[in-house]
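Asker: Build me a model from this:
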Amino acid sequence: MSSSVVLDNVDDYLAPSQACINPLFQPPSNNSKTEDEKKEEKEKPAVVVPRRRRRRPINVTGDSSPAVLSPAKVPSEPKSVVKASIVDCLACSGCVTTAETVLLEQHHSLESLRRRLKNTSGSRAITLSPNSWADMCRHWQLTSDDIGTRRQFATLLNRILEAVVVIDGNLPLQWTWLDEAQEFTELYKQRNDQQPLGETPQLPSSAVDSTKTQYYQPDGTTKVVDNATDEQNLTTLPLISGSCPALVCLVEKSMSHLVPNLSQSQSPMSRMGTVLKQEGVTEWDHWAIMPCHDKKLEASRQDFVHSKKNVVDLAITTSECVELVEEWIRSTTPTDGGAPTVKSLLESLSQAELTTIVSPEEFPKVPSSSGVAFVTTPCCRNHGDTDQPSSKANQMAISSGGHANLIFRYAAKELFGCSLDTTVEWHAATMTSNQSNTVVKSARLARAQKQHYYKAQLYQQADGTYSQTPSTTKPVLDFSIAHGMQPMQRALKELNKETHYLEAMACPRGGCVNGGGAAVRSSSSSSGTTTIGRESPSETRQRVQETLRSLLLPTITTTTKGMGVPHPLRTRYHVVPPMQHAIGAAAGVKVEDIVW
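Answerer: As a prediction, this is how the structure comes out:
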């Protein structure tokens, strides 16, 4: 998938490419010749081949069928199939994002899952994203905030996937919240000493593992640096949330000047895997159920390899989990009786052992003796159950995990003593152009942007207090949220020092709550086959609203202490070397051979 195609179709999900466009991964030709042989061929005189007349065959069969002509040339041998590994894709800037076909082919697919079930190694732990759980509750008409239903679903995953621990994704989410909030407040206090936006020089680099980074020097040499002592590991404001893998891939390959602005706090999925892999007592086989296909890309990054093992061994989407559960129900149901619904099946299952923890140190060191345990956080709230109607902007602020929402509250309290524990008021906004400093003139485009771009600001009032009431002064906190590829790209291009934080998600119309791996309703035709068609915009809006009503998120206040990670788990991002292009075709150069 070329970058031009991506930029033309910017308001939809990223589609996988059909083939790798980088000739770096083309296999060497068998008839390759040396330079001397090529020189000898050039010196040889050209031989003129006389033209021969060929007699055209005549149809003598008597029917109207055309005569079969003999081919003028013998067909050449078919070219060998080109396969690019995920490491190759991450080290190439030929595409804006990695082809998902490569990921599905290698590690993160239902076929790979079934192979792993036959070759079980270690105790299996499954992290269930809150967005995926809300989507499955909408799809199967379950009650999302019923702790009994959640424990019964953990028992079901134990039977299907042999999981001994099912982890509520809200647990690592709250750790990421507080870790990223602490990162932001530290950068805000040091903002006067930071380099201007885009002026911090960055060398191209790639990850060796989670602890080391390899830099490519201007003289063509490479240098491996330990991440703990790396002086080039700088982060600056405005801070950009790094939880969306598509955003990270876009910045690393196409907007490398923004790499220092990416938050280095690990995403909830990778954070939970790091906690498990560093635990050291039990050998965990960590799986994750996520709302988006791009999470498979994140799970394959070398930055999340700990002790030569990925912190996430397998990642599947919500739709794949739904397919797996419904397939298991059909396979275990007698042919003479109808298959039970997922809701009725869960009611017949026992509840998994409940374990409530706050910090990573409290995570159970050994698997549950009762067979399966459900590990969750003490307080979760269903954001659909509220007496006060919430605006669409406030709903979208929590649809992708609520990173900007929590960090805004935390920073207002930590930096300015302003308590916003009830809610943060978000409003739809229109992006402006930095070049002309004018609002977009097109009413249709402005209306579309307001649906996917939101802002929240904190002002200092005349009496010295702080609130969200607009005043004549510049806001002391300026946060933005962008959903969809087009709003995300525009927000990144127009990012300036006046913006302090940007939460950008590539999935349109709600971000993670409308992830590319969502369980879309299927329809049955008259022939009995089940098909999944494209949703209309109204159907998508209805599905997103229903999923939002089932979304559970942690309930913590800005004064909560002791819920963060004592040793913040941070990751690294890299400037991916640009792929060099030749006239008429793309020409790739190996990363280690590039001279800067």
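
Asker: And the helices in the stretch 151-300 of the chain?
Answerer: Per DSSP state H, counting those that start in this stretch, the stretch 151-300 of the chain carries helices over the ranges 170-189, 245-254, 268-279, 294-299.

Asker: Which of these sits closest to residue 424?
Answerer: Closest approach to residue 424 among the helices of the stretch 151-300 of the chain is made by helix 170-189 (13.1 Å; C-beta to C-beta). Bear in mind the C-beta positions are built from the backbone N, C-alpha and C, glycine included.

Asker: May I see the buried residues of that closest one?
Answerer: Across helix 170-189, burial judged by 16 or more other C-beta atoms under 10 Å covers 170-185, 187-188.

Asker: For the stretch 451-596 of the chain, give me the ranges with low pLDDT.
Answerer: Counting by pLDDT under 70, the stretch 451-596 of the chain contains low-confidence residues at 451, 521-533, 557-567, 578-596.

Asker: To clarify, my last question referred to the chain.
Answerer: If you take pLDDT under 70 as the line, the chain has these spans: 1-106, 193-201, 336-337, 368-369, 383-390, 421-422, 432-451, 521-533, 557-567, 578-596.

Asker: Could you pull up the contacting residues of the nearest residue to residue 271 once chain neighbours are set aside?
Answerer: In space, and not counting its chain neighbours, residue 271 is closest to residue 172: 4.6 Å by C-beta to C-beta, 6 or more residues apart in numbering. With contact taken as C-beta atoms under 8 Å, 6 or more residues apart in numbering, residue 172 is in contact with 127, 268, 269, 271, 272, 275.

Asker: Only the buried subset of those residues, as a PyMOL command please.
Answerer: Per 16+ other C-beta under 10 Å, the buried members of those correspond to this PyMOL selection:
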select buried, resi 127+268+269+271+272+275
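
Asker: nearest to residue 401, of the helices of the stretch 151-300 of the chain?
Answerer: helix 170-189 (5.9 Å).

Asker: quick one: that closest one to helix 268-279, angle?
Answerer: In terms of direction (axes from the mean of the first three to the mean of the last three C-alpha atoms, to 10 degrees), helix 170-189 departs from helix 268-279 by 100 degrees.

Asker: Just want the phi and psi numbers for residue 149.
Answerer: Torsion angles at residue 149 (phi, psi; degrees, to the nearest 10) stand at phi -60, psi -40.

Asker: what about it, how many residues close to it?
Answerer: Number of residues near residue 149 (other C-beta atoms under 10 Å) recorded here: 20.

Asker: And for residue 190?
Answerer: Counted with other C-beta under 10 Å, the neighbours of residue 190 add up to 12.

Asker: Pull the contacting residues for it.
Answerer: By C-beta under 8 Å, 6+ apart, the contact set of residue 190 is empty.

Asker: if we can go back for a sec, can you give me the distance of the residue nearest to residue 271 to residue 269?
Answerer: 7 Å (C-beta to C-beta, to the nearest Å).

Asker: Spit out the residues that contact these two alike.
Answerer: residue 127.

Asker: Strands along the stretch 401-550 of the chain, start to end?
Answerer: For the stretch 401-550 of the chain, applying DSSP state E, counting those that start in this stretch gives strands covering 427-428, 453-460, 466-467, 477-483, 501-505, 523-524, 530-531.

Asker: who touches the second one?
Answerer: For strand 453-460, contacts defined as C-beta under 8 Å, 6+ apart pick out 393, 396-397, 404-405, 408, 412, 416, 418, 424-431, 466-471, 473, 475-483, 487, 491.

Asker: Please apply the same query to the fourth one.
Answerer: Outside of strand 477-483, the residues within contact range by C-beta under 8 Å, 6+ apart are 396-397, 399-400, 404, 407-408, 411-412, 415-416, 426, 429, 452-458, 488, 490-491, 498-505, 507-511.

Asker: switch to 6 Å and redo it
Answerer: 404, 408, 411, 452-458, 488, 491, 498-505, 508, 511 (C-beta atoms under 6 Å, 6 or more residues apart in numbering).

Asker: Would you mind getting the angle between that strand and strand 501-505?
Answerer: Using the same axes, to 10 degrees, the direction of strand 477-483 lies 10 degrees away from that of strand 501-505.

Asker: Repeat that for the second one.
Answerer: Interaxial angle, strand 453-460 versus strand 501-505 (the same axes, to 10 degrees): 160 degrees.

Asker: how close does residue 152 get to residue 136?
Answerer: Residue 152 is 13 Å from residue 136, by C-beta to C-beta.

Asker: I misspoke; the intended subject was residue 177.
Answerer: The gap separating residue 177 from residue 136 is 23 Å, by C-beta to C-beta.

Asker: again with residue 344
Answerer: For residue 344, the distance to residue 136 - C-beta to C-beta - is 15 Å.

Asker: Ok, residue 217 next?
Answerer: With distances taken as C-beta to C-beta, residue 217 is found 49 Å from residue 136.

Asker: In terms of neighbours, single out the busier of the two.
Answerer: Of the pair residue 217 and residue 136, residue 136 is the one with more neighbours under other C-beta under 10 Å, namely 24 against 12.

Asker: Quick one: residues contacting the more buried one.
Answerer: No residues are in contact with residue 136 under the rule C-beta under 6 Å, 6+ apart.

Asker: Between helix 268-279 and whatever helix or strand it lives in, find me the angle.
Answerer: Element membership for residue 136 (DSSP states H and E) is helix 130-140. For helix 130-140 against helix 268-279, the angle by the same axes, to 10 degrees is 120 degrees.

Asker: Just the buried positions in helix 130-140, please.
Answerer: Buried positions in helix 130-140, judged by neighbour count with 16+ other C-beta under 10 Å: 130, 131, 132, 133, 134, 135, 136, 137, 138, 139, 140.

Asker: which of the contacts of strand 453-460 are buried?
Answerer: 393, 396-397, 404-405, 408, 412, 418, 424, 426, 428-429, 431, 466, 468, 475-483, 487, 491.

Asker: Is residue 324 in a helix, a strand, or coil?
Answerer: Put simply, residue 324 is helix when judged by DSSP: H, G, I helix; E, B strand; the rest coil.

Asker: what number of residues lie near it?
Answerer: The tally of other residues near residue 324 (other C-beta under 10 Å) stands at 18.

Asker: who touches residue 319 in this structure?
Answerer: Applying C-beta under 6 Å, 6+ apart to residue 319 gives the contacts 517, 519.

Asker: swap the cut-off to 7 Å and go again
Answerer: Residue 319 sits next to 517, 518, 519 when contact means C-beta atoms under 7 Å, 6 or more residues apart in numbering.

Asker: just checking, it is part of a helix?
Answerer: Yes - assigned with three-state DSSP, residue 319 falls within a helix.

Asker: any idea how far residue 292 is from it?
Answerer: Remark: distance between residue 319 and residue 292 (C-beta to C-beta) = 11 Å.

Asker: hey, what's in contact with both of these two?
Answerer: The overlap between the contact sets of residue 319 and residue 292 (C-beta under 7 Å, 6+ apart) consists of residue 517.

Asker: Derive a ChimeraX selection command for the buried subset of the contacts of strand 477-483.
Answerer: In ChimeraX syntax, the buried subset of these is picked out as below (16+ other C-beta under 10 Å):
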select :404,408,411,452,453,454,455,456,457,458,488,491,499,500,501,502,503,504,505,508,511
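
Asker: thinking again about what came up before, for residue 309, find the nearest of the strands of the stretch 401-550 of the chain.
Answerer: Using C-beta to C-beta, the strands of the stretch 401-550 of the chain put strand 501-505 closest to residue 309, at 28.5 Å.

Asker: who touches the closest one?
Answerer: Counting by C-beta under 7 Å, 6+ apart, 184, 238-241, 244, 247, 400, 403-404, 407, 479-483, 488, 491-492, 495, 511-512 sit against strand 501-505.

Asker: number of nearby residues for residue 323?
Answerer: 14.
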